[in-house]
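Student: Predicted model and sequence follow; I will ask about them next.
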2 protein chains.
Amino acid sequence: MPLRISFLRSLFILLLGLGAAGAASAAVSSLDLLPRPSTVLETEGRFPVDESFTVGAIGDPGDRARRAADRFLERLSGRTGLFLRRDDSLPEGGESRASFVYRCDRAGALVPGEEESYRLTVSPDRILLIAPTDLGILHGFETVLQLLKGGPGGYFVPCVQIEDVPRFPWRGLMIDSGRHFQPVDVIKRNIDGLAAVKMNVLHWHLTEDQGFRVESRIFPALHELGSDGRYYSQAQIRDIVAYAADRGIRVMPEFDIPGHSTSWFPGFPELASAPGPYRISRTYSIQLPAFNPGNPNVYAFLDAFLGEMAALFPDPFLHIGGDENNGKHWDANPEIQDFKKKKGLADNAALQAYFNIRLLEILKKHGRRMVGWDEILQPGLPRDIVIQSWRGTEALVEAARRGYAGLLSNGYYIDLCQPAGEHYLNDPLPAGHGLSAEEAALVWGGEATMWSELASWETIDSRIWPRTAAIAERLWSPAEVRDVDDMYRRLEIVSIELEELGLTHLKNRDMMLRRLIQGTAIEPLQTLADAVEPLRGYKRHSLGKVKTTLAPLTRFVDAVPPESSEARLFGRTVDSFLAHRDAGSAEALKMILETWRMNHDFIKPLLSSAPVLFEIEPLSRGLSEAAEIGLEAVEALGHKRKGHRTQAAARMKTLAELKKPLAELELAVVPAIERLVSATIGD
Amino acid sequence: MPLRISFLRSLFILLLGLGAAGAASAAVSSLDLLPRPSTVLETEGRFPVDESFTVGAIGDPGDRARRAADRFLERLSGRTGLFLRRDDSLPEGGESRASFVYRCDRAGALVPGEEESYRLTVSPDRILLIAPTDLGILHGFETVLQLLKGGPGGYFVPCVQIEDVPRFPWRGLMIDSGRHFQPVDVIKRNIDGLAAVKMNVLHWHLTEDQGFRVESRIFPALHELGSDGRYYSQAQIRDIVAYAADRGIRVMPEFDIPGHSTSWFPGFPELASAPGPYRISRTYSIQLPAFNPGNPNVYAFLDAFLGEMAALFPDPFLHIGGDENNGKHWDANPEIQDFKKKKGLADNAALQAYFNIRLLEILKKHGRRMVGWDEILQPGLPRDIVIQSWRGTEALVEAARRGYAGLLSNGYYIDLCQPAGEHYLNDPLPAGHGLSAEEAALVWGGEATMWSELASWETIDSRIWPRTAAIAERLWSPAEVRDVDDMYRRLEIVSIELEELGLTHLKNRDMMLRRLIQGTAIEPLQTLADAVEPLRGYKRHSLGKVKTTLAPLTRFVDAVPPESSEARLFGRTVDSFLAHRDAGSAEALKMILETWRMNHDFIKPLLSSAPVLFEIEPLSRGLSEAAEIGLEAVEALGHKRKGHRTQAAARMKTLAELKKPLAELELAVVPAIERLVSATIGD
């Protein structure tokens, strides 16, 4: 009777959902704001939102704020179904009689450290938003949308006084368009996502061994031979930069040199350290090709190219990468060795420092400040470069001590499918950093980094969202805001809100499951998908099948989101049951486990006509086995039967086996089942 | 116990799904091709698709075919999860040893009537695709993707010999970007959808009273004052035209004049028939503004503008609209009346014919043939214009008799939410048309027309797909292919295939339901959505709340797809039950009806915090009531109890009430319930 599955699945979700709601009651605030503002004072009453709702500016707020107000109204109308006045200007002097009045003094500049604060007062008869710059206004609009609630009497905004200001000035997301090209609409909707959680930088990784993604009119062979035709035209880049600026988001381009540069060389082999010929790299191992730092033409070329890019990207910062150049082609080239000697450069690090100093002159000429990965921090580099740290907070703190501004990315590698809670607690300025206030101010913030070895246009949103919102809160909110459970509660709400911007992190899962079976009866696959997680860290890179850019990213593992809410809530229900041994939790667990136990029977018939799913057969069977063990344990604990040690040990051994990777996934629910089995002995 | 809902829903879908599969067994062929090819011969055996699969061309197939081969491999890899060789060229002379070999003689021109045929032979050891032009190759790739199947032994293509050629040379989709702007990615993914079902024209309706959507560099006030900033840049248009051409799709632009032209006049009021000033229209009633045909500057302006557009759109045809100019501004303008008299023009139709003849000269100068709606067919117009008929096949046949080429759109208005089966049986050349072969050849085909009063970027895909695939089959396949049930069977399969192109027709429904409740527990909403349909025809336009372009298109009615598969299958199950009175159907119907009966109890709690859903409360209650009546009838029929006439009449009256529109929707399942109740008396 294959139908029960959906019934049980629903129960499962419902019960866990209630669990989550239960947890919420213990939360700091009933508001769902994410990131949490610096100070929030909840006051009495509600501001009702109905079709009389209007927005008006006092004074001239500027075009950016006006367009943001229009988008605000469109989203508000979309969520509420209210037919709001969006077109007609308010009557002369009517701004101040609008339901929602905002005012700012000037347009904010898109530079780190610009004023972004805002003050929001919601009282029963009006909403007032005041900010020094329009950037604060944009943030305030997002806050009001997050405050919106519905009730039997209609929509409303709870009364509140908010004073809000970001903790760090640089709150970014890096998107790697090099390894997998990400079309324009992907970039745009992610810019909208950033704005929704008050982030302010898109760091755009545009060149890689696997692809050169920018049109160069000066050197067209770069994108023509380096991209398989998958690049952004200059018109598209201008469009995206303007789109981002309109949302208060800076776009900092990255051109990764001297390493990670294979895709530059099919068109320009003479600039490389080895003779070539070159082809775009298809694999993901670290590539050897690198620019030849001893070749004077390299600097003339980079001068012309970076000048062209500086005209395209107005941001005052330009990222030159600088990471993971292993120097083997340098070592193998006698001319480069001679050059090194001649210049008195002790090693390849010194040679790269030389290269960077030359590059620095070029960037200065074009009015850009240099940003680079840890490796660029070498003796001789001036204090106005910015270090982005993939190595960690220690490197960052050390750089700040030496007077360098820095950004944290270590711990924010969202492509590695780690839980949001881990990213959330990763602080660019951890307690006990030991820096003076002045030094600490050099830690400018951080960036979530979305490398794209394993992310296509279909899956990248689900690798970025909603977990990046947790990082957004770390970078915006006061350091003391660290309640992981409350963050997760709000994350599920913001995840729904992000969908209205076109983000596909939720909806593409079912689309991909439908493709796998070429049909709509995906319920058993959903149940399995809810109980598993892709391998974390670099395990999928090393153990998995995907080794090239042309490999399909359409398998079950790609459809599964990085973090399973269900597994997390199941774990919490288990812990609650083990603490209280209550019949309610026991029943809930039994229903859940029974769902999982039976699911394999409903998966099996789907497999016969979907060879792409053969690989999940053992995984699905494993879920069934683990669930059976879990059921036995819950049963035993319910009857207060003391477990048999030998039997428990055998079960634990089975569970340990079941934790092993299968089809590049792990059964995320097994650790909680292990706790159940352990408890049968401890009882 | 709110959980049963999902259980029952699953049962419901499963049973109806089985019903559909049952129907399939009676179908003409076991293949799922849509559109069905001219001739198909199924032969013995299978061609296995595994990781050794390669594609190779014999001779030089040209870049378009090569890129199509790469996209073919990418989609094949995506569906199967197979790691296919996509990059490395085959070894010298190895093309002929590829698994899949194709050959064409030349690149097809993007003009109506170009050779598009192909011949496909799948044998156990190779696939061979031969076509006179690369356009045939592109069609053949789509056919192979539709042939792909999976089984316990892996993926395969069943052996088959196909000779395929389109019935009509012009198979189009019109997208209205005027009333609601549709972003670039919407247009691109719909172009991919067209190619997947072998359509070949995107007719792009770019100007309307509500918006002027093209950048004009000669007259920037057109897009600057006519679009709210929502227009396509020339770079974007070039990109889209190239994208379409690469997929064998022509892009024919439409600039609707002399009426439907309000948005031209904020920038150029002096060209209108009334003094202005003008603003973009926000409402959908027919607008009065029209070009002034007596003003010589109008022709100079249109000459310059259409010249600019001809440079942008290479298609040899240009659509000038010409519809629904009601002439009131002409009548009210004494100068225009004088002009009419001076030129001896009897009425406004003659005046519009004069305008069109002037326009024709301009188009000829720019090397374009004129296409227009029925209204342009006036005395004095030469035979090289093309008539697009919103009036119907009679007008089309009459035009052909008079020597004019024509396209059918009447009956293909997909924005009106009619069932696919109705569009499907609508033939541009209906039986008994009485035309000679030569005249009949003037009926070039037809176009699905997607007007966008009620379609946003979020919903337009679901209004277009999958129903447009039924029209694609009508225009491609032999006239005798008319099995509606078999079409529906294949439509559900092609609908899944269309998702891989990025189309959102399936996935946006759940996204929109989540937004309505700001949560994920949407099952009861899904159940209701499956049982209802948006009002058909112009009922939603007249009875509904949406009267302006700024109204939200995010309500429940917008989330619901135009046609309910569930209602159709329920109706078929009812008919099958009434014919056979079998216990199986009775049980299925009871489960389904019980699901609907109970659903309202699960909808109710969702409503309290989602005021946007208040409007569906009576609809949901109505479903429950109708289901209760249906259950009673099935019960009575099962026990062969004769129904009571008075009681049945009361039930029929209730059901008639329940058929009335609510929240711009109808309960699509009520007619079948009426048949059940009727049967209780007839028994």
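Tutor: Arrived safely, thanks for sending.

Student: any idea of the mean pLDDT in stretch A:637-648?
Tutor: Across stretch A:637-648, pLDDT averages out at 83.

Student: Can you give me the end-to-end span of that stretch?
Tutor: 13 Å (CA to CA, to the nearest Å).

Student: Likewise for stretch A:537-546?
Tutor: Span of stretch A:537-546 from end to end, CA to CA: 15 Å.

Student: is any part of that stretch close to chain B?
Tutor: Yes: for stretch A:537-546, a contact with chain B is found by CB under 8 Å from any CB of the partner chain, at A:Lys545. (C-beta placed from N, C-alpha, C; glycine too.)

Student: how about that stretch: buried residues?
Tutor: A:Arg540, A:His541, A:Gly544, A:Val546 (16 or more other CB atoms under 10 Å in any protein chain shown).

Student: give me the element the last one is part of.
Tutor: The one in question is A:Val546. A:Val546 belongs to no helix or strand when assigned by DSSP states H and E.

Student: so A:Ile137 sits right up against A:Ala131, yeah?
Tutor: Yes: the criterion here is CB atoms under 8 Å, and A:Ile137 meets it with A:Ala131 at 5.0 Å.

Student: where do the contact lists of these two overlap?
Tutor: Listed as contacting both A:Ile137 and A:Ala131 by CB atoms under 8 Å, 6 or more residues apart in numbering or on different chains are A:Tyr102, A:Cys104, A:Tyr118.

Student: Identify the residues contacting the last one.
Tutor: Going back to what we said before, that points to A:Tyr118. Applying CB under 8 Å, 6+ apart to A:Tyr118 gives the contacts A:Leu129, A:Ile130, A:Ala131, A:Gly136, A:Ile137, A:His139, A:Gly140, A:Thr143, A:Ile162, A:Asp164.

Student: can I get these in JSON lines with distance to chain B, neighbour count and secondary structure?
Tutor: Output for the contacts of A:Tyr118, formatted as JSON lines (distance: CB to the nearest CB, whole Å; neighbours: other CB atoms under 10 Å in any protein chain shown; DSSP: H, G, I helix; E, B strand; the rest coil):
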{"residue": "A:Leu129", "distance to chain B": "22", "neighbour count": "25", "secondary structure": "strand"}
{"residue": "A:Ile130", "distance to chain B": "27", "neighbour count": "18", "secondary structure": "strand"}
{"residue": "A:Ala131", "distance to chain B": "24", "neighbour count": "26", "secondary structure": "strand"}
{"residue": "A:Gly136", "distance to chain B": "23", "neighbour count": "28", "secondary structure": "helix"}
{"residue": "A:Ile137", "distance to chain B": "19", "neighbour count": "28", "secondary structure": "helix"}
{"residue": "A:His139", "distance to chain B": "21", "neighbour count": "28", "secondary structure": "helix"}
{"residue": "A:Gly140", "distance to chain B": "20", "neighbour count": "28", "secondary structure": "helix"}
{"residue": "A:Thr143", "distance to chain B": "16", "neighbour count": "22", "secondary structure": "helix"}
{"residue": "A:Ile162", "distance to chain B": "20", "neighbour count": "23", "secondary structure": "strand"}
{"residue": "A:Asp164", "distance to chain B": "22", "neighbour count": "24", "secondary structure": "strand"}
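
Student: of those residues, closest to B:Phe313?
Tutor: A:Ile137 (40.4 Å; CB to CB).

Student: Do you know the pLDDT at that closest one?
Tutor: The model reports A:Ile137 with a pLDDT of 98.

Student: tell me how far stretch A:446-461 is from the chain's mean position?
Tutor: On the basis of CA atoms, centre = their mean, to the nearest Å, stretch A:446-461 sits 7 Å off its chain's mean C-alpha point.

Student: Can you list the buried residues in that stretch?
Tutor: Using 16+ other CB under 10 Å as the test for burial, stretch A:446-461 gives A:446-461.

Student: Quick check: the farthest pair among these?
Tutor: For these, the farthest-apart pair by CB to CB is A:Gly446 and A:Glu458; their separation is 27.1 Å.

Student: The buried residues of stretch A:537-546 into TSV, with extra columns for pLDDT?
Tutor: As requested, those are exported to TSV (pLDDT from 0 to 100):
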residue	pLDDT
A:Arg540	95
A:His541	93
A:Gly544	93
A:Val546	94
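
Student: Now render those as JSON lines, adding secondary structure.
Tutor: Below are the buried residues of stretch A:537-546 laid out as JSON lines (DSSP: H, G, I helix; E, B strand; the rest coil):
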{"residue": "A:Arg540", "secondary structure": "helix"}
{"residue": "A:His541", "secondary structure": "helix"}
{"residue": "A:Gly544", "secondary structure": "coil"}
{"residue": "A:Val546", "secondary structure": "coil"}
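
Student: ok, what's across the strand from A:Glu208?
Tutor: Beta-bridge pairing for A:Glu208 (DSSP bridges): A:Gly211.

Student: got a list of what it touches?
Tutor: By CB under 8 Å, 6+ apart, the neighbours of A:Glu208 are A:Asp176, A:Gly178, A:Arg179, A:Asp256, A:His260, A:Thr262, A:Ser263.

Student: again, only using 7 Å
Tutor: A:Asp176, A:Gly178, A:Arg179, A:Asp256, A:His260, A:Ser263 (CB atoms under 7 Å, 6 or more residues apart in numbering or on different chains).

Student: And the fifth one, how close does it get to B:Leu607?
Tutor: The one in question is A:His260. 54 Å (CB to CB, to the nearest Å).

Student: Looking at those two, which has the bigger crowd around it?
Tutor: A:His260 (27 against 18; other CB atoms under 10 Å in any protein chain shown).

Student: quick check, nearest of the contacts of A:Tyr118 to B:Glu224?
Tutor: A:Ile137 (24.8 Å).

Student: Can you read off the backbone torsions of the residue of the stretch 301-450 of chain A found nearest chain B?
Tutor: For the stretch 301-450 of chain A and chain B, the shortest gap (CB to the nearest CB) falls at A:Leu312, measuring 13.9 Å. Backbone dihedrals for A:Leu312, given as degrees, to the nearest 10, come out at phi -90, psi -40.

Student: ok, and the closest non-adjacent residue to it?
Tutor: Nearest non-adjacent residue to A:Leu312, counting by CB to CB, 6 or more residues apart in numbering or on different chains: A:Ile237, 5.6 Å away.

Student: what helix or strand is the one you found on?
Tutor: Using DSSP H and E, A:Ile237 sits in helix A:234-246.

Student: Run through who's touching that helix.
Tutor: Counting by CB under 7 Å, 6+ apart, residues outside helix A:234-246 touching it are A:64, A:67, A:110, A:184, A:187-188, A:191, A:202, A:214-215, A:217, A:251, A:312-314, B:233, B:235.

Student: helices or strands up against the next helix or strand after it?
Tutor: Once helix A:234-246 ends, the next helix or strand along the chain (criterion: DSSP H and E) is strand A:250-254. Applying 3 or more CB pairs under 7 Å, 6 or more residues apart in numbering or on different chains; DSSP states H and E, one finds that strand A:250-254 contacts strand A:201-205, helix A:234-246, strand A:317-319.

Student: Let's have these in JSON lines, adding mean pLDDT.
Tutor: Shown next, in JSON lines, are the helices and strands packed on strand A:250-254 (pLDDT from 0 to 100):
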{"stretch": "strand A:201-205", "mean pLDDT": "98"}
{"stretch": "helix A:234-246", "mean pLDDT": "98"}
{"stretch": "strand A:317-319", "mean pLDDT": "98"}
